[in-house]
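1. Predicted model and sequence follow; I will ask about them next.
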Amino acid sequence: QVQLLESGGGLVQAGGSLRLACAASGRSFRSNAMGWSRTVPGKENEFIAAIGWAGDSTYFLDSVKGRFTISRDNAKNTIYLEMNSLKPEDTAKYYCVAKRSDYSADSVGFVYWGTGTQVTVSS
């Protein structure tokens, strides 16, 4: 059974940083794109970042470009989201997502979801 387990969320002041990690189990995702999405109650889900299988191609939502970095360690079946210069509007539940068979870093086709980790940015 595939599981995506997020960690690293928490409370941080505006301007601060957090690093999220997502450890996958149940199968290898070294040939598949993975990414991060976030949800705020009452708002539409936002897909914010993706990374291709080799780690050399990435996608970012415009509002996080230049502040967030995505990386992966295929040996550990893990991806990371480094979040810098955090803003109150980044407050959300962040979900790790993965594609079943596609390796391209874009915003569509993610079928596996973790259970999420909460990030709260205080002003």
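-> Done, it's in.
2. quick one: N84 and K65, what's the gap?
-> Shown here: N84 relative to K65, a distance of 12 Å by Cβ to Cβ, to the nearest Å. For every residue, glycine as well, the C-beta is placed using N, CA and C.
3. What's opposite I79 in the beta bridge?
-> Counting by DSSP bridges, I79 forms beta bridges with C22, R72.
4. List the contacts of it.
-> A21, C22, A24, M34, G35, W36, I51, I70, S71, R72, D73, C96 (Cβ atoms under 8 Å, 6 or more residues apart in numbering).
5. could these go into CSV alongside distance to L4 and pLDDT?
-> Below are the contacts of I79 laid out as CSV (distance: Cβ to Cβ, whole Å; pLDDT from 0 to 100):
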residue, distance to L4, pLDDT
A21, 11, 98
C22, 6, 98
A24, 5, 95
M34, 8, 96
G35, 11, 97
W36, 10, 98
I51, 14, 96
I70, 14, 98
S71, 16, 97
R72, 13, 96
D73, 14, 95
C96, 4, 98
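6. which of those are buried?
-> Buried subset of these (neighbour count, 16 or more other Cβ atoms under 10 Å): A21, C22, A24, M34, G35, W36, I51, I70, R72, C96.
7. Please verify my assumption that the third one contacts N74.
-> No. Counting by Cβ atoms under 8 Å, A24 sits too far from N74 to count as a contact (10.1 Å).
8. other SSEs contacting the helix or strand hosting G35?
-> Using DSSP states H and E, G35 sits in strand 34-39. On a contact count with 3 or more Cβ pairs under 8 Å, 6 or more residues apart in numbering; DSSP states H and E, strand 34-39 meets strand 18-25, strand 46-51, strand 68-73, strand 78-83, strand 92-99, strand 110-113.
9. swap the cut-off to 6 Å and go again
-> In terms of contacts (3 or more Cβ pairs under 6 Å, 6 or more residues apart in numbering; DSSP states H and E), strand 34-39 is packed against strand 46-51, strand 92-99.
10. Let me know the angle separating the last one from strand 46-51.
-> Looking back up the chat, that one is strand 92-99. Relative orientation of strand 92-99 versus strand 46-51 (axes from the mean of the first three to the mean of the last three Cα atoms, to 10 degrees): 50 degrees.
11. For strand 92-99, which strands pair with it and how are they oriented?
-> Strand 92-99 has its sheet partners listed here by DSSP bridges as strand 34-39 (antiparallel), strand 110-113 (antiparallel), strand 117-122 (antiparallel).
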